[in-house]
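>>> Predicted structure and sequence below. I'll ask about it afterward.
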Amino acid sequence: MLRKSLILAIVTAFALACASTNDTAPNQNRKTKRGATIGAVAGAIAGAIIGNQTGNNRTGAVVGAAAGAAIGGAIGRKMDKQAEELKQIEGVEVEHAPGTGEIDVRLTSDILFDVDSSALRSQSRTTLNELASNFSQYPDNRVIVEGHTDSTGSDAHNQRLSEQRAGAVADYLIEHGVPSSNVIVYGYGEMRPKATNDTAEGRQLNRRVEIHIQAPQTAINQ
């Protein structure tokens, strides 16, 4: 019985999501529409489970889908707004991760740190202050800070350096208002290059800190 309820939930969710969107909508609204669809599916499934327990599967799915679509669409719009704000900050590269409720922010390590150091340069503080100010306005979002290096040096050294650099950025953001409970730190060393390590230009691109901003997990399932 529950399986039938879940199938009904998903069908209902997509029907509601499609009814609220169309193929001629501007490209800038795609993330919002995607958020609404994901929210509708999540809400419908939750509603179907509750409905199954109370003996009213169809009503549970419809109500859950409608509520989920509204919440998902609101989150998509909020993410779009934050991304546009971040693009105004000098010294950062901002990309959308379409349809995932995620914003990617990239900073080259040469801006943040001296060579082979995890101490933040004084010149980087203006950019980090602006990032912290923006992040603190969206306190429900998860902030994932990743450190990356080029292939110069040993694997162990690069791993340790990437962790220390990501930690330095994360600590600064937390000290300037970003909720510590939302911040996660990873160091990847040289394992995830963006470019070749055979050229100076490539190595510069690989020395970086990336910040991934994710919408609340309760609303969009990553």
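Yep, it's here. Residues are numbered from 1 along each chain as shown.
>>> how about Val115, secondary structure?
coil (DSSP: H, G, I helix; E, B strand; the rest coil).
>>> And it, its phi and psi?
phi -60, psi 130 (degrees, to the nearest 10).
>>> any chance you could map the strands in the chain?
Under the criterion DSSP state E, strands of the chain are mapped to 93-97, 102-108, 142-148, 183-187, 208-214.
>>> Out of these, name the one with the poorest average pLDDT.
Ranked by mean pLDDT, these end with strand 93-97 at the bottom, a mean of 85.
>>> quick check: angle from it to strand 208-214?
40 degrees (axes from the mean of the first three to the mean of the last three C-alpha atoms, to 10 degrees).
>>> Would you mind measuring from Asp104 to Thr199?
Asp104 sits at a distance of 24 Å from Thr199 (criterion: C-beta to C-beta, to the nearest Å). Backbone N, C-alpha and C define where each C-beta goes, glycine included.
>>> and if you look at Leu173?
Leu173 is 31 Å from Thr199, by C-beta to C-beta.
>>> More neighbours: the two, which one.
Legend: neighbour count by other C-beta atoms under 10 Å for Leu173 and Thr199, higher for Leu173 (24 against 10).
>>> Would you check how far apart that one and Ile144 are?
11 Å.
>>> and if you look at Gly153?
Counting by C-beta to C-beta - Gly153 and Ile144 are separated by 24 Å.
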